[in-house]
Every structure is written in structure tokens, then in C-alpha cells.
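>>> Coordinates for the following, if possible.
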Amino acid sequence: MEKEIVPYELALRLKNLGFSELVNYFYSNGGILHPRVLSSGYEPMDFEPSDFCENFNTNVKYQVGNSYYFENVISAPTISQVFRWFRDKQDMCGYVRRGSKTMHEHLKKEGFAVRDYEWSIITTEGVYLNCRGMENTYEEAELACIEKLIEIVESQKEQND
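As a prediction, this is how the structure comes out:
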């Protein structure tokens, strides 16, 4: 399941963009991934959906022995949740596909490294944003596409501030 969760660094950037969807995993301090249901060693703890929807942050109270602890946590969305959020809330679609044989031949001819997976970004109206890249694996392409989506929205936010 961990392969399907965005890395901690991207989760932090998404938090700053206002991502606030319900998730089933979260990162504790230092980027340690946890499921929404935890066991403290004494009793299981279940968190309410609202614990993970308010600006991506929350404080979690948990008990170890007779001591109670509070920790600031950050939601850890899946890659598909992030793509859905960009599509629904930011009007941008990122997609990944296997590169074509023609593309590979063109890259070789031009002296570029051949990579197997292409990613692109378009608006929900179908306008290409001239954002694309090639990666060696499908997973690398997904993360590169998400990173570019984040950069675009961060840049838009800076321009609007």
C-alpha cells in the first residue's frame, strides 16, 4: 500500500495548497506513515473523518501506559486521491501512459535517453498546458506529474497573492 501513498514531502506541499480530502493514512512527525486506526499497545484508537479534513493537519491524542501524548499529523493521500483532487478542485488532469514505439525511435534519433512512460497535464476543458515528461517507471511518472501539478498551483497562488 505504501507505493500508492504520496511521499511525505509532497503531502506537505499539498497541505499548503489546501488539500483536505478524507484519507485512510497519515504521517506523524518525521514522515512516519500510519493507518487511520492505530494501536497504542493498550487499546486501539480510531479517528473520526473530520480529524483528517481540516486544512490537512490535526493533533492526535494517544495513550501509552498512563501517559497521554499529542502529536501533530498530516494526511497521506493516495496518488489517485491527489489526481482526483487536482481534476475536481483545480481543473487540471494529469495522466500517465506508456510511450509509443514512434516516440522511442524519435528520442533515439535526437540523441535523448529513451524512457518508457510519458506524463502530461491538460485542463478539464482539454487544453494542453505544455507540461509533459518521460520517466523510467510508471510510478516515477505519476510522482513527476503530481510534482508538476503542485508547481503549477503553487505558481498560480503566488501570482494571486
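
>>> for the spatially closest residue to residue 138 that is not a sequence neighbour, what are its contacts?
In this structure, residue 138 finds its nearest non-sequential neighbour in residue 117, 5.2 Å apart by CB to CB, 6 or more residues apart in numbering. (Glycine included, C-beta is placed from N, CA and C.) Residues near residue 117 by CB atoms under 8 Å, 6 or more residues apart in numbering: 96, 97, 98, 99, 134, 135, 136, 137, 138, 140, 141.

>>> Can you spell out which residues form a bridge with residue 117?
residue 98, residue 135 (DSSP bridges).

>>> Check it and give its pLDDT.
pLDDT for residue 117: 89.

>>> same check, this time on the one 5 residues further on
Residue 122 is assigned a predicted lDDT (pLDDT) of 92.

>>> Just the element for it, please.
strand 117-123 (DSSP states H and E).

>>> got the buried residues for that strand?
117, 118, 119, 120, 121, 122 (16 or more other CB atoms under 10 Å).

>>> re the thing from before, from the contacts of residue 117, which has minimum pLDDT?
Among those, residue 99 has the weakest pLDDT, 76.

>>> Correct me if wrong: that one contacts residue 135.
No. Using CB atoms under 8 Å, residue 99 is not in contact with residue 135, being 9.6 Å away.

>>> quick one: common contacting residues for these two?
Shared contacts of residue 99 and residue 135 (CB under 8 Å, 6+ apart): 115, 116, 117.

>>> Go through those residues and say which is closest to residue 27.
Of all those, residue 117 has the smallest distance to residue 27: 26.4 Å, by CB to CB.

>>> any idea how far residue 99 is from that closest one?
Distance from residue 117 to residue 99, counting by CB to CB, to the nearest Å: 6 Å.

>>> list residues touching both of the two?
The contact sets of residue 117 and residue 99 overlap at residue 134 (CB under 8 Å, 6+ apart).

>>> Great, nothing more from me.
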